[in-house]
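> Structure for this input, please:
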Amino acid sequence: MYNSQPQFQNIVQSQRVVNDGLMDTVSEIRWNKDVFVTSSWDGNIRFYQVQLQSGYRANIQVDYKTSIDCQEPVLSVSWKQDRSMVFGALADNTIRAYDVKTQNNAIIGIHDDCPARQVFWNEDMKLIISLGLDKKLKFWNLQSSGGSKPQPAFQIDLQHIPTVGEQSGDEQFFAYADVDNKFRWLNWSVLRGNQNSVASRSFFNMEENYLTGQISCVAINENATQLAYATVDGRAVVKSISSRGDLSSRLQFKCYKVDEENRISQYRTEKVSRMYMCNAFQFNCRSSNWAGTCGSDGTLAFWDINKKNKIMGVKLDGPAIAGQVSQDGQIFAYATGYDWAQGLDKVGEFTNKVGAAYIEEKLIPSY
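So this is what the prediction gives:
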């Protein structure tokens, strides 16, 4: 069983960015080398560059560079590998491609009646993939913009509304969860030559979420050997992926259970266990035994998967609503804001900020 009680320590962190004009919460963070982008509900895609000086006196700095005004809330963002473009899923149901240098944009795709929950670029297929709240997984060509309504290269009709998804770092493996609390996954290779199959949704493997809460985030490591998902009640599952794409459980734990003292009278208190939502789960290419999580309680947590123990917790000034580890495994970029997990009473109490933490060698399991 994990020791999930906070073990707060100092960690090398950047100053929180204050000049980016962030007016609403960040919806997603995506890295490309030393730059990460954020999508936000205030309708902007923002670019941040990270400078790291490691060694005895480690230092990390996050500089806001520029933003693209998308005119609509941005639910998700993804990079083209060569950093020439970013792709956004907007609240007006469109999927757009933005030229990073000119900021010109083109409508690549459109979902029916409701927006896409997430968008992904796949370098191997040279396609943009959008996970739609209209129960459709659509695949778009970059050349499909202009003229009449863009048509997808192909699509998969899903059984239920998806809530969250993820693509592996090698862009070969994909998984998502839905409102029916089912978890589904596949290797993109099974689609080759089958894009027009009427039974296409049967390509997905499926299992029931045996945790109690709705799945809030999904993670797949760089080479698709490990997968994880976490829930709104702060629980998480880590699974191993076989070469055939089958899943086997590695561990299950409560990552955001906090024991608190609750005063019930002037003279009496009682211990209460509260569960907070896990907003992000991240693996690290430097160790298959390291995991990082972002919690609604305002904590970044680093975990030793093999020892089933928390390495450390980092207390922030508000709920950690989004996060992603850099491709080299050295930096955890994160955003704080309000995730609505504590209801209307907490609206307006938290500021929207972006920062980053350096994952030092001593925080990485060495076996």
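> Find the helix or strand that the residue of the chain most remote from its centre is a member of.
Centroid-distance maximum for the chain: residue 267 at 43.9 Å, with C-alpha atoms, centre = their mean. Under DSSP states H and E, no helix or strand contains residue 267.
> Now do it, the pLDDT please.
Listed pLDDT for residue 267 reads 79.
> mind listing what it touches?
Residues counted as contacts of residue 267 (C-beta atoms under 8 Å, 6 or more residues apart in numbering): none. For every residue, glycine as well, the C-beta is placed using N, CA and C.
> what's the distance between it and residue 261?
With the distance defined as C-beta to C-beta, to the nearest Å, residue 267 ends up 13 Å from residue 261.
> rewinding a little: gap between the residue farthest from the centre of the chain and residue 121?
For residue 267, the distance to residue 121 equals 60 Å [C-beta to C-beta].
> same check, this time on residue 163
For residue 163, the distance to residue 121 equals 21 Å [C-beta to C-beta].
> ok, now residue 73?
20 Å.
> So residue 301 sits against residue 293, correct?
Yes: applying C-beta atoms under 8 Å as the test, residue 301 and residue 293 come out as touching, 4.9 Å apart.
> Neighbour count: these two, which is higher?
Per other C-beta atoms under 10 Å, whichever of residue 301 and residue 293 has more neighbours is residue 293, with 26 against 23.
> can you tell me which residues contact that one?
Taking C-beta under 8 Å, 6+ apart, one finds 230, 236, 255, 256, 278, 280, 281, 282, 300, 301, 303 in contact with residue 293.
> swap the cut-off to 7 Å and go again
Residues near residue 293 by C-beta atoms under 7 Å, 6 or more residues apart in numbering: 230, 255, 278, 280, 281, 301.
> any idea how far residue 81 is from it?
Separation of residue 293 from residue 81 (C-beta to C-beta): 27 Å.
> now do residue 39
From residue 39 across to residue 81, the span is 18 Å (C-beta to C-beta).
> quick revisit: among the contacts of residue 293, which ones are in helices?
Of the contacts of residue 293, none are assigned to helices by DSSP state H.
> What about these, which are in strands?
230, 278, 280, 281, 301 (DSSP state E).
> Please identify which of residue 39 and residue 81 sits among more neighbours.
Neighbour count, other C-beta under 10 Å: between residue 39 and residue 81, residue 39 has more, with 29 against 12.
> Residue 338: what's its closest spatial neighbour, skipping adjacent residues?
Of all residues not flanking residue 338 in the chain, residue 350 sits nearest, at 4.7 Å (C-beta to C-beta, 6 or more residues apart in numbering).
> Surely that neighbour is in contact with residue 337?
Yes: at 5.9 Å, residue 350 and residue 337 qualify as touching, with contact defined as C-beta atoms under 7 Å.
> So for these two, which sits in the more crowded spot?
Using other C-beta under 10 Å, the more surrounded residue of residue 350 and residue 337 is residue 337, with 22 against 19.
> Would you check that that one makes contact with residue 354?
No: contact status for residue 337 versus residue 354: not in contact, 9.5 Å apart, counting by C-beta under 7 Å.
> what touches both of these two?
Common contacts of residue 337 and residue 354 (C-beta under 7 Å, 6+ apart): residue 26.
> how about the helix or strand of the chain with the lowest mean pLDDT: buried residues?
One helix or strand of the chain scores below all others by mean pLDDT, DSSP states H and E: strand 257-263, with a mean of 77. By neighbour count with 16 or more other C-beta atoms under 10 Å, strand 257-263 contains the buried residues 257, 258.
> before we move on, back to that, and for residue 350 and residue 337, which residues touch both?
Residues touching both residue 350 and residue 337 (C-beta under 7 Å, 6+ apart): 318, 319.
> all strands in the stretch 1-150 of the chain, in order from the N-terminus.
For the stretch 1-150 of the chain, the strands defined by DSSP state E, counting those that start in this stretch cover 26-32, 35-40, 44-53, 59-69, 74-79, 85-90, 94-99, 105-110, 116-122, 127-132, 136-140.
> could I get the ones you listed as CSV with distance to residue 191 and mean pLDDT?
CSV is the format used below for the strands of the stretch 1-150 of the chain (distance: least, C-beta to C-beta, whole Å; pLDDT from 0 to 100):
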stretch, distance to residue 191, mean pLDDT
strand 26-32, 23, 97
strand 35-40, 26, 98
strand 44-53, 28, 96
strand 59-69, 31, 96
strand 74-79, 19, 98
strand 85-90, 19, 98
strand 94-99, 19, 97
strand 105-110, 17, 95
strand 116-122, 11, 97
strand 127-132, 10, 97
strand 136-140, 9, 96
